[in-house]
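Undergrad: Whatever this is, show me its structure:
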Amino acid sequence: MDEKSTKQGAKLLARLRGKIWAFEDRLTVREQIALGTAALCLFVSFAIAFAAAYVGRQEATRFITREMTQISETASDRMDRYFYGVYHRVRSYTNFDVIRSAVSTDPKKLRPAFDRLNSSFADFTWLAFVNKEGVVVVASDGLRENELVTEQAWFLKGLQGPAIEDAPDLDAIEEAVMNGRDIAISFLKFAFPVYNYNNELAGVLVAAVHWREVEEIRSTMERNGDQIIVVTRGGEVMLGSKDLRTRYPSAQIAALRNAKHDTFVDGAGPMEVLSGYSAMDGHRDFPGMGWGVIARRNTEVAFAATRQMFWTIVGIGTGVAILGILLAGVIANRVSGPIHSLTKAADSIGRDNGVTSFPRLRGSSEVIHLSTSLRSLLLRIGFVERLTQEAEAKAAEEARKFANDIASLRKLAETDPLTNLLNRRAFMDAAADAMRYFQRYGRSIATLIVDIDHFKRVNDQHGHAAGDAVIRRVGELIAQTLRETDKVARFGGEEFVVLLREVSEHDAHELAERIRLVIAESSIPFDAKQLGVTVSVGCAAISSHDRDIEELIERADRALYAAKAAGRNCIRLAPTPVGNKVRAA
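TA: This is a model prediction of the structure:
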């Protein structure tokens, strides 16, 4: 830009500034306040509109993507549960007596059973038994019988253990869904090894699963224009609308699978789509298919309410600005002066020394009442602040006392007064919780019952006070030997019960041996004498035949009796039960 253009720009800016100043000089204070109020109202209304639209869009995005994730999680969970049911149903067939008997003699006898299963359950399109040589010996409806399948991956894996093959014919499934035809299409297969009555591998039981139920789950969860699609590990759209895309990038799908549940904005089409992803990672012992479910919602639909809110705020703001122009001139002269004085006084409070209250102003009853109320408010705020501080201090002190009382009562209710160990009730609560973990997750546990040998001699020879000292010391030695996760309780008299978590029978026996040795090698001081005792220990590790924790403790107690009978100062393991026994009444 040359010097001449710079001078012309400066002159133009100076001329514009002069016109603005001249215009301001012709306006009264009331008019300036009115115009300023109108401009402020317009600015605020547009600022609020844009801010609300932005915040609304962000919140809508978060809410909708979270909703899409929840929908995809629900859909994937329903599909995983469905596959879990079919998976376990097919696996249970391998244990049917009729199947195990037939594969040992004449597999052709299975045809009626396969036909009935295939017709009774709409989940299957094909049910067959394949011998070890890879020949389809018998199948529902005779389909593919005598066919050699030795090259099929599901057959090779099925000989080794449970196998899943997902090689769906995507084009055929899409055509069937679009045309509304319920036809049997290769979707996925479950294969399990079959053993005869001699526990020898006889072949593989294979079931081909129909696509219908998964499509029904997917379609029934599509509401209000939302789209739900099922994608393969490679990102191909297997079920659902392919209007926007037929395949997602494999890298994106891999990242989503690592996150298991995630949200993202899909911008591949003409408009952005808010999407939520959930991996189908199985249910319980069903390993899952490795597929994913994506729930999508178009931004045109998602942000309709946000756009409507924006224009509503703009309209309201414009109306407020017009009203402000009319009202500002009326109230400017009467309000601006007293309010300015009150504002100045309020700003000085706490800043200038000696300014602690508002001045008494005149001009209108409202201004007088406002100044009086503000003066009274300052006094009440100070008074209420002092009361609040006192109440908070008192409440905090009462809370501390209450917490201490609760802790003391809980300790009294759960602790044996002689040894400070757990009592029977507290121990049984902890043991029942450990039993539930075993029944649900297979976390092993074991119990030890420790009994002081010849304890009556201690009482008879040294008195009951010595017996109490022995019980206390034995309890301390047991507790010191255990891990933090283990529990020990005094069940009464000279008997202690120990709960061990996450241990095998061998580990439990080693820990019991350490307890026995520590007690046997320790001396207990009492009345200038050193007392020595030994213990007998009964040990029982959890078994699937134990119906509850009481049965486990009973087995440990029987093992303790065996240790006593064997001469004391020893350990005996409870034998593993071979089956549930009816508990004596």
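Undergrad: Following element in sequence after the lengthiest helix in the chain, please.
TA: If you go by DSSP state H, the chain has its longest helix at helix 29-93. Using DSSP states H and E, the helix or strand that follows helix 29-93 in sequence is helix 97-104.
Undergrad: Now do the buried residues in stretch 125-138.
TA: Thr125, Trp126, Leu127, Ala128, Phe129, Val130, Asn131, Gly134, Val136, Val137, Val138 (16 or more other CB atoms under 10 Å). C-beta: built from backbone N, CA, C; applies to glycine.
Undergrad: Check stretch 543-550 too.
TA: For stretch 543-550, by 16+ other CB under 10 Å, it's Ser543, Asp546, Ile549.
Undergrad: What of stretch 294-305?
TA: Of the residues in stretch 294-305, Ile294, Ala295, Arg296, Arg297, Asn298, Thr299, Ala302, Phe303 count as buried by neighbour count, 16+ other CB under 10 Å.
Undergrad: Quick one: the buried residues of stretch 543-550 as TSV, columns for secondary structure too.
TA: Below are the buried residues of stretch 543-550 laid out as TSV (DSSP: H, G, I helix; E, B strand; the rest coil):
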residue	secondary structure
Ser543	coil
Asp546	coil
Ile549	helix
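Undergrad: between those residues, which is closest to Asp453?
TA: Asp453 lies nearest to Ile549 out of the buried residues of stretch 543-550, by CB to CB, at 26.0 Å.
Undergrad: and the closest one, what does it touch?
TA: Going by CB atoms under 8 Å, 6 or more residues apart in numbering, Ile549 touches Met428, Ala431, Ala432, Ala434, Met435, Thr447.
Undergrad: tell me how far the longest helix of the chain is from the chain's mean position?
TA: 21 Å (CA atoms, centre = their mean, to the nearest Å).
Undergrad: pLDDT averaged over that helix - what is it?
TA: Taken as a whole, helix 29-93 has a mean pLDDT of 79.
Undergrad: Would you map the helices across the stretch 401-550 of the chain?
TA: Remark: helices assigned in the stretch 401-550 of the chain by DSSP state H, counting those that start in this stretch are 424-441, 455-462, 464-481, 505-521, 549-565.
Undergrad: one step back: inside strands: which ones of the buried residues of stretch 294-305?
TA: Counting by DSSP state E, the buried residues of stretch 294-305 place Ile294, Ala295, Arg296, Arg297, Asn298 in strands.
Undergrad: Could you export those residues as TSV, including pLDDT?
TA: Converted to TSV, these look like this (pLDDT from 0 to 100):
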residue	pLDDT
Ile294	90
Ala295	88
Arg296	86
Arg297	85
Asn298	79
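Undergrad: Let me have the residues you listed in a markdown table, extended by distance to Asp468.
TA: Below are these laid out as a markdown table (distance: CB to CB, whole Å):
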| residue | distance to Asp468 |
| --- | --- |
| Ile294 | 69 |
| Ala295 | 67 |
| Arg296 | 73 |
| Arg297 | 72 |
| Asn298 | 78 |
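Undergrad: Pick the one among these closest to Arg424.
TA: Of all those, Ala295 has the smallest distance to Arg424: 52.4 Å, by CB to CB.
Undergrad: is it true that that closest one touches Thr69?
TA: Yes - with contact defined as CB atoms under 8 Å, Ala295 counts as touching Thr69 (7.4 Å).
Undergrad: residues shared between the contacts of the two?
TA: Here Ala295 and Thr69 have Gly276 as joint contacts, going by CB under 8 Å, 6+ apart.
Undergrad: Return the residues in contact with Arg472.
TA: Applying CB under 8 Å, 6+ apart, we find Arg472 in contact with Leu418, Thr419.
Undergrad: again, only using 6 Å
TA: Thr419 (CB atoms under 6 Å, 6 or more residues apart in numbering).
Undergrad: Ok, Asp166 next?
TA: Leu188, Met289.
Undergrad: If we use 8 Å, what do you get?
TA: Phe187, Leu188, Thr232, Met289, Gly290, Trp291.
Undergrad: Assess the claim that the last one and Val231 are in contact.
TA: Yes - between Trp291 and Val231 there is a contact under CB under 8 Å: 6.4 Å.
Undergrad: Quickly list what's touching both of the two.
TA: Between them, Trp291 and Val231 share the contacting residues Met238, judged by CB under 8 Å, 6+ apart.
Undergrad: Let me see the domain layout of this structure.
TA: Split into domains by automatic domain parsing, the chain comes to 61-302, 424-573.
Undergrad: coming back round to it: can I get the buried part of the contacts of Ile549 as one ChimeraX selection?
TA: Buried subset of the contacts of Ile549, written as a ChimeraX selection, criterion 16+ other CB under 10 Å:
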select :428,431,434,435,447
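Undergrad: For the spatially closest residue to Glu495 that is not a sequence neighbour, the count of nearby residues, please.
TA: Spatially, and ignoring its direct neighbours in sequence, Glu495 is nearest to Asp451 (5.1 Å; CB to CB, 6 or more residues apart in numbering). Counted by other CB atoms under 10 Å, the residues lying close to Asp451 total 21.
Undergrad: Next up, the contacts around the spatially closest residue to Lys108 that is not a sequence neighbour.
TA: Spatial nearest neighbour of Lys108, excluding adjacent residues (CB to CB, 6+ apart): Val138 at 5.5 Å. By CB under 8 Å, 6+ apart, the contact list for Val138 reads Pro107, Lys108, Leu110, Arg111, Phe114, Ala128, Phe129, Glu145.
Undergrad: Go again with 10 Å.
TA: By CB atoms under 10 Å, 6 or more residues apart in numbering, the residues touching Val138 are 102-103, 106-114, 127-131, 145-146.
Undergrad: What's opposite it in the beta bridge?
TA: Phe129 (DSSP bridges).
Undergrad: How much space separates it from Phe187?
TA: Going from Val138 to Phe187 by CB to CB, to the nearest Å gives 22 Å.
Undergrad: how far away is Leu188 from Ala207?
TA: Leu188 is 10 Å from Ala207, where distance means CB to CB.
Undergrad: Counting neighbours, go ahead and name the busier of the two.
TA: Comparing Leu188 with Ala207 by other CB under 10 Å, the one with more neighbours is Ala207, at 26 against 20.
Undergrad: Setting aside sequence neighbours, what's the nearest residue to the more buried one?
TA: The nearest residue in space to Ala207 (CB to CB, 6+ apart) is Val90, at 4.5 Å.
Undergrad: Surely that neighbour is in contact with Val194?
TA: No - counting by CB atoms under 10 Å, Val90 sits too far from Val194 to count as a contact (11.0 Å).
Undergrad: Overlap in contacts, these two.
TA: With CB under 10 Å, 6+ apart as the test, Val90 and Val194 both reach Leu205, Val206.
Undergrad: Same drill for those two, tell me which one is more crowded.
TA: Each of Val90 and Val194 has its neighbours counted (other CB under 10 Å); Val194 has more, 26 against 23.
Undergrad: shouldn't the more buried one be in contact with Ala128?
TA: No - judged on CB under 10 Å, Val194 makes no contact with Ala128 at a distance of 11.1 Å.
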